[in-house]
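Participant: got a predicted model here, sequence first, then my questions.
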Amino acid sequence: MPIGGRKVPPVAVEKQQARVASTISGREVDLPAMWNRMFEPRVLTDYGPDGFAAIAKLPGGESLEWCYGCGKCTPVCPVDMVGDYGPRKIHRKVQTGTDLFAAPDLWLCTACGNCLRVCPKRVDMIAIMPAVREAALSGAAVPAELQEVFEKTFRYGNALGQNQRRRARWAETAGVPVRILATDPAPVDVLFYVEDYWSFHPRGQDAARAFARVATALGIDWAILGPEEKTLGDSQRLAGEKGLFDALVEDVTATLAKYEFQRIVTPDPHAFNALVKEYPQRGHTFDAQHYTQLLAPLVGQIGWARELNLRVTFHDPCYLGRQNGEYDAPRTLIEAIPGVQLVEMGRCRENAYCCGGGGGGMWLDGFTSDHTTERLAERRVREAARTGADVLVVCCPYEVSRFTDAAKSTGHGHLRVCDIIELIDEATRDGTSGG
Ligand code: SF4
Ligand code: SF4
């Protein structure tokens with residue numbers, strides 16, 4: 001029978017009555033038909049291998065057909081909790097004739113990695129989805145909002161389509177001098193890779209200024225690229241634009257080669273992921289850290305000025321925690337802030353719920369809302385609110401705007417959302433200074 005055709009039920013072979021002897025007592029027992037029903041061998045004709053063959057030939061797509069249907073991935077998939085998703089379901093859909101290259105499902109995975117954590121067969125959606133998306137880019141199925149971000153990134157070097165000359169505008173009001181390597185190219189310890197949302201988004205800029213003040217107070221020797229910086233493009237890669245990512249690698253590494261630095265530090269877990277996993281594969285290895293990893297060992301040197309008196313809960317970014325194993329550095333910083341009490345959400349650390357921004361999800365909110373019952377960020381904000389926290393703290397530049405919007409739309413506008421560095425900055429100032 002062809003794929004998608006009507007399924008023929010197997011033929012039952014029943015005896016009305018069977019007598020079986022107990023292996024213990026030897027006594028014979030009558031069994032009615034319902035206990036001895038057998039089936040004739042069934043030829044599996046209601047699905048075929050063609051869908052898997054097309055995906056498996058893409059580098060990275062091989063593992064989808066390894067699924068053996070255990071179902072472990074379904075309850076941990078954040079998209080399944082607001083829809084009908086997960087590797088097992090995608091596997092079954094492909095098996096029964098869905099063309100994944102043209103299906104909306106292709107764009108819903110946030111590459112959060114929680115399914116891979118539990119999958120005994122290592123079905124790797126972080127490799128499968130980018131591979132299929134890349135192959136689908138030439139088709140008409142690419143959501144327009146994502147296409148627009150690809151074009152902005154290609155044209156301007158950032159996902160927000162901002163003028164690169166404004167990259168370091170945030171630094172003008174940081175209250176401390178921020179060194180830009182193009183104008184002061186001497187060797188530096190920390191090259192701070194600001195990335196797009198801390199460079200251009202107003203709430204990201206607040207965090208960038210807070211970092212500048214804290215890093216400067218700690219005596220860290222640091223500098224930025226300013227207008228020469230372009231995004232590292234990891235989310236564009238996971239959204240399928242591998243060609244754009246490869247072009248960015250060339251541009252970025254050519255710029256980095258102009259300067260001498262010991263390590264790259266970034267506030268963006270996606271950039272961090274690119275630096276530790278993707279750039280080395282292309283021959284560019286750096287000593288890279290997330291900013292929480294830079295500051296956590298220095299926490300004893302931070303000059304606290306006041307207690308904040310706050311109950312906070314922390315959202316683990318997928319690409320710092322689950323994808324790269326760093327759960328402790330952010331918590332070390334949070335717990336060191338005077339007057340701050342950390343309360344964990346039920347889903348935290350390796351099982352943390354996704355904010356919905358990974359794998360291109362940051363730019364697919366309109367599309368995703370047509371295929372899910374609730375935004376992932378809204379669901380996460382409800383979890384945060386249930387802890388009774390005053391503040392939801394984060395350390396990924398995508399999350400402040402996502403969770404702030406979600407707090408408003410779910411009626412939890414009282415829940416403040418901010419980056420860890422903003423709380424550190426607040427606690428190091430006496431509360432009367434501006435900037
Ligand atoms: S956990 Fe892995 S093997 Fe099990 S159903 Fe999910 S994808 Fe398939
Ligand atoms: S990577 Fe995350 S969003 Fe994608 S299928 Fe796996 S659990 Fe679901």
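Facilitator: Structure received. Ligands and ions are numbered 1, 2, ... in the order given.
Participant: quick one: the closest residue to residue 428 other than its chain neighbours from residue 215, how far?
Facilitator: In this structure, residue 428 finds its nearest non-sequential neighbour in residue 305, 5.4 Å apart by C-beta to C-beta, 6 or more residues apart in numbering. From N, CA and C alone the C-beta is placed, and that goes for glycine too. Going from residue 305 to residue 215 by C-beta to C-beta, to the nearest Å gives 17 Å.
Participant: show me which of these two is the more surrounded one.
Facilitator: residue 215 (22 against 14; other C-beta atoms under 10 Å).
Participant: before we move on, back to that, tell me who's in contact with the residue nearest to residue 428.
Facilitator: 427, 428, 429, 430, 431 (C-beta atoms under 8 Å, 6 or more residues apart in numbering).
Participant: separation between the nearest residue to residue 396 once chain neighbours are set aside and ligand 1?
Facilitator: Counting by C-beta to C-beta, 6+ apart, residue 396 lies nearest to residue 317, which is 3.7 Å off, once chain neighbours are set aside. Relative to ligand 1, residue 317 is positioned 23 Å away (C-beta to the nearest ligand atom, to the nearest Å).
Participant: can you list the residues of this structure near ligand 2?
Facilitator: 76-79, 85-87, 109-115, 125 (C-beta under 6 Å from any ligand atom).
Participant: domain map for the chain?
Facilitator: What the record gives for the chain is the domain set 50-136, 147-297, 299-427, from automatic domain parsing.
Participant: what about the last one, average pLDDT?
Facilitator: Taken as a whole, domain 299-427 has a mean pLDDT of 97.
Participant: what about the closest residue to ligand 2 within the stretch 201-350 of the chain, how many neighbours?
Facilitator: In the stretch 201-350 of the chain, no residue comes nearer to ligand 2 than residue 318, which is 7.9 Å away by C-beta to the nearest ligand atom. A total of 26 residues lie near residue 318 under the criterion other C-beta under 10 Å.
Participant: contacts only, for it.
Facilitator: 110, 111, 112, 113, 114, 269, 352, 354, 355, 358.
Participant: again with residue 371
Facilitator: Residue 371 touches 83, 104, 105, 108, counting by C-beta under 8 Å, 6+ apart.
Participant: returning to that earlier point: need the contacts of residue 305 in CSV with neighbour count, can you?
Facilitator: Converted to CSV, the contacts of residue 305 look like this (neighbours: other C-beta atoms under 10 Å):
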residue, neighbour count
427, 22
428, 19
429, 18
430, 7
431, 9
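Participant: ok, and of the residues you listed, which contact ligand 1?
Facilitator: Okay, of the contacts of residue 305, nothing touches ligand 1 (C-beta under 6 Å from any ligand atom).
Participant: now do the spatially most central residue of the chain against ligand 1, distance only.
Facilitator: The chain has residue 358 as the residue nearest its centroid, 3.5 Å off, counting by C-alpha atoms, centre = their mean. Distance of residue 358 to ligand 1, computed by C-beta to the nearest ligand atom: 18 Å.
Participant: so that residue sits right up against residue 238, yeah?
Facilitator: Yes: in this structure residue 358 lies within contact range of residue 238 using C-beta atoms under 8 Å: 7.0 Å.
Participant: who touches both of these two?
Facilitator: residue 111.
Participant: buried ones among the residues of the chain next to ligand 2?
Facilitator: 76-79, 85-87, 109-115, 125 (16 or more other C-beta atoms under 10 Å).
Participant: which one of these sits closest to ligand 1?
Facilitator: residue 87 (3.6 Å).
Participant: phi, psi for the residue nearest to residue 428 please.
Facilitator: Phi and psi for residue 305, reported as degrees, to the nearest 10, are phi -110, psi -20.
Participant: with the one 3 residues further on instead?
Facilitator: Dihedral angles phi and psi of residue 308 (degrees, to the nearest 10) take the values phi -90, psi -20.
Participant: so where is the stretch 51-200 of the chain shaky, pLDDT-wise?
Facilitator: Counting by pLDDT under 70, the low-confidence segments of the stretch 51-200 of the chain come to 140.
Participant: that one: strands as residue ranges?
Facilitator: 188-192 (DSSP state E, counting those that start in this stretch).
Participant: near ligand 1, which residues of it?
Facilitator: Counting by C-beta under 6 Å from any ligand atom, the stretch 51-200 of the chain sits next to ligand 1 at 67-73, 87-88, 91, 118-121, 123.
Participant: quick one: end-to-end length of stretch 341-355, please.
Facilitator: 23 Å (C-alpha to C-alpha, to the nearest Å).
Participant: can you check stretch 191-207 too?
Facilitator: Start-to-end, stretch 191-207 (C-alpha to C-alpha) is 17 Å.
Participant: what's the answer for stretch 186-194, then?
Facilitator: 19 Å.
Participant: in it, what's buried?
Facilitator: Those would be 188, 190, 191, 192, 193, 194, for stretch 186-194 by 16+ other C-beta under 10 Å.
Participant: just want the phi and psi numbers for the last one.
Facilitator: Right, residue 194. According to degrees, to the nearest 10, residue 194 has phi -70, psi -40.
Participant: for it, give me its contacts.
Facilitator: 167, 208, 224, 229, 266, 267.
Participant: and for the last one, the neighbour number?
Facilitator: Counted by other C-beta under 10 Å, the residues lying close to residue 267 total 26.
Participant: ditto for the third one
Facilitator: Residue 224 is flanked by 25 other residues according to other C-beta under 10 Å.
Participant: which one is residue 400 nearest to, not counting chain neighbours?
Facilitator: Using C-beta to C-beta, 6+ apart, the closest residue to residue 400 is residue 203 (4.7 Å).
Participant: mind listing what the residue nearest to the centre of the chain touches?
Facilitator: Per C-beta under 8 Å, 6+ apart, neighbours of residue 358: 110, 111, 112, 235, 238, 270, 318, 319, 398.
Participant: now residue 259
Facilitator: 181, 185, 187, 188, 191, 225.
Participant: likewise residue 89?
Facilitator: Residue 89 sits in contact with 74, 80, where contact means C-beta under 8 Å, 6+ apart.
Participant: switch to 7 Å and redo it
Facilitator: residue 74 (C-beta atoms under 7 Å, 6 or more residues apart in numbering).
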